[in-house]
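K.L.:
A predicted structure for the sequence below; I have some questions about it.
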Amino acid sequence: MMSLIKKEGRRFWKIQTPHGNLQTPIFMPDATYGVVTGLSSHDLELTNTKALVTTTLHIEQKLSSEYISKVGGLNKFIGWDSPILTDSGGFQVFSLINRQKDSKNLITDAGCSFTSPIEGKYNFLSPENSQTIQHNIGSDIRIVLDEPVIEDGSLASIKRSVQRTTLWAKRSKEMFLKLHNLTEKDFLNPDIKRPLLCAVIQGGNNFKYREISANQLVEIGFDIYGFGGIPVHNKLSWKRDAPKGFYKELVAYVASLIPEDKIRYGLGIGSPDNIKYAIKCGWDIFDCVLPTRNARHSYLYVSKGQGDVEYDSYSVLHIKSLRYKYDEKPIDEKCNCLACKEISRQYLRYLLNIKSPAGIRYATIHNLYFYNNFVNQLCPSSIYKQNSLHQKLKKK
């Protein structure tokens, strides 16, 4: 199912899934409700997107996973022939419970109790039914339920989160094995084809509890280990010169806790520069809402020197700026995406100003193409060419 390649001092994975093969490093856009806003499955293929991430909780609430199962699984339902990763729903429930003060909203060892903000109905998410929902969806990579903790969380809340995450990981794996009629020995057999299972390392910004969480999850045994929470420095600090933003040291440290022969998943990482750094630290797969969400807000990622704000590895172009009103150039003169081939900056600016769906489509296609191309360039060219040839031969 997974094979590790070492080349030019770096590690890369070839991952076999029921819906096709993946080559790391890889970026996956978030298709929250089973769709990337404004794009068709064909559009996604044009951006070189190889896999999607969708949200278990939202699919269950909007459609019900039983319905998805009856119509042949999410891939068939949305017309997507490539791999899908489903999250556990834990992060969404955690955010909901902490955002809405309701006595019915609480997290216990049994699971998460909450009321839907849309319908007001009572819901319960446990490690077992999270796996059942993902099984009904038919995803290729599944995540076990975990309890996130904010970066400024108290030591008591971090300790509780790590303990509960381990408890839920055990129960999730037991349910996964039950759903697939597998034993622990079967799980370790590379010849048995099955979805991949991912556990999420918690511990907030506490290095000690990150290590405890990682060790406990590795002891249970999973295919993939993810970075839980948001990798940023504490927002509250008595030090005036306290570091802020992306927590590089923590990202590198958590990667070092994961065995070399396991895939590392940087959940929610992030900007192109942060992804580049994480890959150097040994992280393999990524997802983030930035390229799609920012596209809808006229924030475009472009090559160095092509935008109005410069970062280490890329530039940003704020397309609604008045400076682009008469700009006939493509979004990025170094880009080969559909948007850069078909329209000018001035026309995209107009489309987004009038809130045209066409503008959102073009902007999203460009940002995803940029992200995928950016990550592909971080893979040795010989491996990437081999993988591209394999995908073309497979389609024939």
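P.N.:
That came through, no problem.
K.L.:
in stretch 308-328, what's buried?
P.N.:
Across stretch 308-328, burial judged by 16 or more other Cβ atoms under 10 Å covers 313-317, 319-320, 324, 327. The C-beta positions use only the backbone N, C-alpha and C, and glycine is treated the same way.
K.L.:
host element of the residue positioned nearest the centre of the chain?
P.N.:
Among the residues of the chain, the one closest to the centroid is Asp287, at 2.5 Å (Cα atoms, centre = their mean). Here Asp287, judged by DSSP states H and E, is contained in strand 285-288.
K.L.:
pretty sure Ser157 is touching Val149, no?
P.N.:
Yes: between Ser157 and Val149 there is a contact under Cβ atoms under 8 Å: 5.6 Å.
K.L.:
Show me which of those two is the more surrounded one.
P.N.:
Val149 (25 against 14; other Cβ atoms under 10 Å).
K.L.:
Domain map for this structure?
P.N.:
Following automatic domain parsing, one gets these domains for the chain: 2-24+55-288, 295-371.
K.L.:
Lowest average pLDDT across those?
P.N.:
Of all the domains of the chain, the minimum mean pLDDT falls on domain 2-24+55-288 (a mean of 91).
K.L.:
Just the endpoints, please. Distance across that one?
P.N.:
End-to-end distance for domain 2-24+55-288: 23 Å, by Cα to Cα, to the nearest Å.
K.L.:
swap in stretch 245-265?
P.N.:
Its start and end residues considered, stretch 245-265 measures 20 Å (Cα to Cα).
K.L.:
List the buried residues for it?
P.N.:
246-247, 250-251, 254-255, 257-258, 262-265.
K.L.:
which outside residues touch it?
P.N.:
Stretch 245-265 is contacted from outside by 2, 4, 11, 13, 15, 24, 151, 196, 198, 201, 205, 207, 210-211, 214-215, 218, 222-227, 231-233, 266, 269-271, 274, 277-278, 281-286, using Cβ atoms under 8 Å, 6 or more residues apart in numbering.
K.L.:
helix or strand for Tyr350, which one?
P.N.:
helix 345-353.
K.L.:
now swap in Val254 and tell me
P.N.:
In this structure, Val254 sits in helix 248-257 according to DSSP H and E.
K.L.:
Please state the offset of that helix from the chain centre?
P.N.:
For helix 248-257, the separation from the chain centroid amounts to 18 Å (computed by Cα atoms, centre = their mean, to the nearest Å).
K.L.:
Looking at the domains of the chain, which is nearest to Ser41?
P.N.:
For the domains of the chain, the distance to Ser41 is smallest for domain 2-24+55-288, at 4.6 Å, taking Cβ to Cβ.
K.L.:
picking that back up, in strands, which of the contacts of stretch 245-265 appear?
P.N.:
In this view, the contacts of stretch 245-265 that belong to strands under DSSP state E are 2, 4, 11, 13, 15, 196, 198, 201, 224-227, 266, 285-286.
K.L.:
re the thing from before, which elements pack onto the strand holding Asp287?
P.N.:
Contacts defined by 3 or more Cβ pairs under 8 Å, 6 or more residues apart in numbering; DSSP states H and E place strand 285-288 against strand 26-29, strand 263-267.
K.L.:
and the first one, what does it pack onto?
P.N.:
In this structure, strand 26-29 makes packing contacts with strand 52-54, strand 285-288, helix 357-376, judged by 3+ Cβ pairs under 8 Å, 6+ apart.
K.L.:
For the ones you listed, give me a markdown table that also has distance to Asn75.
P.N.:
Shown next, in a markdown table, are the helices and strands packed on strand 26-29 (distance: least, Cβ to Cβ, whole Å):
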| stretch | distance to Asn75 |
| --- | --- |
| strand 52-54 | 9 |
| strand 285-288 | 17 |
| helix 357-376 | 19 |
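K.L.:
right, so of the ones you listed, which gets closest to Lys304?
P.N.:
helix 357-376 (11.2 Å).
K.L.:
Run through the residues that contact Leu4.
P.N.:
Neighbouring residues of Leu4 by Cβ under 8 Å, 6+ apart: 11-13, 260-261.
K.L.:
ok so, going back, which one of the buried residues of stretch 308-328 sits closest to Asp81?
P.N.:
Tyr314 (29.9 Å).
K.L.:
Am I right that the closest one is in contact with Lys276?
P.N.:
No: proximity of Tyr314 to Lys276 does not meet the contact threshold set by Cβ under 8 Å, at 9.3 Å.
K.L.:
Residues that sit against both of those two, list them.
P.N.:
Common neighbours of Tyr314 and Lys276 (Cβ under 8 Å, 6+ apart) are Phe374.
K.L.:
With distance to Val35 as new columns, can the domains of the chain be given to me in a markdown table?
P.N.:
Listed next are the domains of the chain as a markdown table, based on distance: least, Cβ to Cβ, whole Å:
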| stretch | distance to Val35 |
| --- | --- |
| domain 2-24+55-288 | 7 |
| domain 295-371 | 11 |
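K.L.:
Out of these, which gets nearest to Cys379?
P.N.:
Across these, closest to Cys379 is domain 2-24+55-288 (Cβ to Cβ), at 6.4 Å.
K.L.:
roughly how far is the closest one from the heart of the chain?
P.N.:
Averaging C-alpha positions (Cα atoms, centre = their mean) puts domain 2-24+55-288 9 Å from its chain's average.
K.L.:
before we move on, the earlier item: report the buried members of the ones in strands among the contacts of stretch 245-265.
P.N.:
2, 11, 13, 15, 196, 198, 201, 224-227, 266, 285-286.
K.L.:
For the residues you listed, which two are the farthest from each other?
P.N.:
The widest separation within those (Cβ to Cβ) is 19.6 Å, between Ile15 and Ile201.
K.L.:
re earlier: mutual contacts of Ser157 and Val149, please.
P.N.:
Here Ser157 and Val149 have Gly204 as joint contacts, going by Cβ under 8 Å, 6+ apart.
K.L.:
circling back: gap between the helix holding Tyr350 and the chain center?
P.N.:
29 Å.
K.L.:
Taking the chain centroid, which residue in the protein is the extreme one?
P.N.:
For the chain, the residue at maximal distance from the C-alpha centroid (Cα atoms, centre = their mean) is Tyr326, at 36.7 Å.
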